[in-house]
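1. requesting a structural model of the entry that follows:
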Amino acid sequence: MTNPQGLLISAPSSGTGKTTVMLGLLRALAEDGLAVQPFKSGPDYIDPAFHRAAAGRASFNLDSWAMGEPLMNAISAQAEGADIVVAEGSMGLFDGVAKPGELGHGSSAETALRMGWPVVLVLDVGGQAQSAAATALGFRMYNPDLPFAGVILNRCASPRHERLTRLGMERAGLPVLGVLPRRGDLTLPERHLGLIQAVEHPDLESAIARYAAFLREHVDLEAIKLAASSSPKGSSSVALPRPPAQRIALARDAAFSFTYPHLLEGWRAAGAEILPFLPLADEAPAADADLVWLPGGYPELHAGTLAAAESFLTGLRKHAETKPVHGECGGYMALGDVLIDKDGTRHKMAGLLGLVTSYEKRKFNLGYRKAHLTAPMPGFDTGTALRGHEFHYSSIIDQPDAPLARVFDAEGAEGPQTGSVRGNVTGTFFHLIAEASQ
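-> Modelled structure (predicted):
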């Protein structure tokens, strides 16, 4: 079986309406009876859940900085059985790190090239007309090897505005696949890490249905289907990341939800049992779990509830007496001693690590990370090199425990956020994507 044809939705920058187009397109194609496989280019924790809600199929990240070709192939094989692939880019089409490292720059353009997906460029044409074609043509010509399907013109003010903008595109020889009029009501709510989580949206199904109706009215769906191109066939025989334990108690609620889908798929495919639990509902992890894993999320928004969750905290502490516990980013903060919220209130956390973090003293931390473990963590021995991504605003006030790793950014600069290890408990501020050999 060959992989289905696909395309990648991208833009010159963030904030152009790309995600709205993506969700509306996923749902409209699904409404037409197609099995639509979504992907996300880059290290995004939130968008895949929105994709799943729109398409009815799990969405997976593809990352040209953090993933080698074997892992990219294994993830792309998740498209088997789909009729069409629609991937969403991150940031601007060519945005990535300055130094490519061993694999790539992490740009959406690299993902499209590697997978053979033509690019649909979503352009915000507000405040310009024919000049928008110069922007689009620049993106088309920046890398002539990149397959280019055409443009969707977003936030068009009037029929006259549309006519003038189309004139520019015709002169540049660029296909116009759709023109979206300005609509202030078609936006997704945001907070400090971008969009709110899909599980928190007050009426997500209704919102996605509106996006689909909007896209269906203003976009040439048949032209978009015809623009899709076949990607190289991924191999489902290539292993996804293996599980760090057989029975994994996984925190899954609004405070802890940021785990890359390919990790969970790999764990399940290898026969691991994932045992979800809800810390915000004061649920303890399963007593017979081999490992407790706390993902990232928004614990700073729920610190008071977590501090009062006695069953959850007691269960964590009991488990850590004899078996491993690991936390990523928000999960790492919850394993610490104290979390200081935006108002300066100190909340006692699990106390399994001495970490004290503050959201009152905000510091922006964003970027790829390569970690060389100086101590073992669940699933990986000392000396293993891992690739991941960090995105948070919290500052470390105190970190008295032994470091877990030497951590470097994408340009090779070593950073102070080394993670922590104390007994059976480990934590990192970076979210694991893959072992460096994958």
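
2. tell me where the model's unsure across the stretch 201-350 of the chain.
-> Along the stretch 201-350 of the chain, the parts satisfying pLDDT under 70 run over 201-202, 230-238.

3. and the strands in it?
-> 229-230, 247-251, 273-277, 291-294, 325-328, 338-340, 346-348 (DSSP state E, counting those that start in this stretch).

4. can you put these in JSON lines and add distance to residue 384 and mean neighbour count?
-> Yep, even glycine has a C-beta here, placed from its N, CA and C like the rest. JSON lines is the format used below for the strands of the stretch 201-350 of the chain (distance: least, C-beta to C-beta, whole Å; neighbours: other C-beta atoms under 10 Å):
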{"stretch": "strand 229-230", "distance to residue 384": "36", "mean neighbour count": "15"}
{"stretch": "strand 247-251", "distance to residue 384": "19", "mean neighbour count": "23"}
{"stretch": "strand 273-277", "distance to residue 384": "22", "mean neighbour count": "17"}
{"stretch": "strand 291-294", "distance to residue 384": "17", "mean neighbour count": "27"}
{"stretch": "strand 325-328", "distance to residue 384": "14", "mean neighbour count": "28"}
{"stretch": "strand 338-340", "distance to residue 384": "29", "mean neighbour count": "22"}
{"stretch": "strand 346-348", "distance to residue 384": "33", "mean neighbour count": "16"}
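
5. in stretch 254-271, what's buried?
-> Under the neighbour-count criterion of 16 or more other C-beta atoms under 10 Å, stretch 254-271 has 254-267 buried.

6. then it to CSV, C-alphas only?
-> Below are the C-alpha coordinates for stretch 254-271, written out as CSV (Å, rounded to 0.1, in the frame of the first residue of the first chain):
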residue,chain,number,x,y,z
ALA,A,254,-6.0,20.1,32.0
ALA,A,255,-2.9,20.4,34.2
PHE,A,256,-0.9,17.6,32.5
SER,A,257,-1.6,17.0,28.9
PHE,A,258,1.5,17.7,26.8
THR,A,259,2.9,14.4,25.6
TYR,A,260,3.9,13.8,22.0
PRO,A,261,1.4,11.4,20.3
HIS,A,262,4.1,9.3,18.6
LEU,A,263,5.6,8.4,22.1
LEU,A,264,2.2,7.1,23.3
GLU,A,265,1.6,5.3,20.0
GLY,A,266,5.1,3.6,20.3
TRP,A,267,4.4,2.6,23.9
ARG,A,268,1.1,1.0,23.1
ALA,A,269,2.5,-0.7,19.9
ALA,A,270,5.2,-2.3,22.1
GLY,A,271,2.5,-3.7,24.4
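
7. return the distance of that stretch from the chain's centre.
-> Put simply, stretch 254-271 sits 12 Å off its chain's centre (C-alpha atoms, centre = their mean, to the nearest Å).

8. chain neighbours aside, what residue packs nearest to residue 367?
-> With C-beta to C-beta, 6 or more residues apart in numbering as the criterion, residue 367 has its nearest non-adjacent residue at 5.3 Å, and that residue is residue 409.

9. of all the strands of the stretch 201-350 of the chain, which one comes closest to residue 383?
-> Residue 383 lies closest to strand 325-328 among the strands of the stretch 201-350 of the chain, at 17.7 Å (C-beta to C-beta).

10. and the contacts of that closest one?
-> Residues from elsewhere that reach strand 325-328 (C-beta atoms under 8 Å, 6 or more residues apart in numbering): 244, 258-259, 291-296, 316, 319, 333-335, 352, 377-378, 424-432.

11. just the buried residues of the residues you listed.
-> 244, 258-259, 291-296, 316, 319, 333-335, 352, 377-378, 424-432.

12. can you redo the strands of the stretch 201-350 of the chain as a markdown table with distance to residue 166?
-> Converted to a markdown table, those look like this (distance: least, C-beta to C-beta, whole Å):
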| stretch | distance to residue 166 |
| --- | --- |
| strand 229-230 | 24 |
| strand 247-251 | 50 |
| strand 273-277 | 50 |
| strand 291-294 | 51 |
| strand 325-328 | 47 |
| strand 338-340 | 53 |
| strand 346-348 | 55 |
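
13. can you show me the CA trace of stretch 424-438 as CSV?
-> C-alpha atoms of stretch 424-438 as CSV (Å, rounded to 0.1, in the frame of the first residue of the first chain):
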residue,chain,number,x,y,z
ASN,A,424,13.6,7.2,42.1
VAL,A,425,12.4,10.6,40.9
THR,A,426,13.6,12.4,37.8
GLY,A,427,12.4,15.5,36.0
THR,A,428,13.3,17.8,33.1
PHE,A,429,12.1,21.1,31.7
PHE,A,430,12.4,19.7,28.2
HIS,A,431,9.7,17.5,26.6
LEU,A,432,11.2,14.3,25.2
ILE,A,433,10.8,13.8,21.4
ALA,A,434,13.3,11.1,20.6
GLU,A,435,16.6,9.4,21.5
ALA,A,436,19.3,11.0,19.4
SER,A,437,19.9,7.7,17.5
GLN,A,438,16.3,7.6,16.2
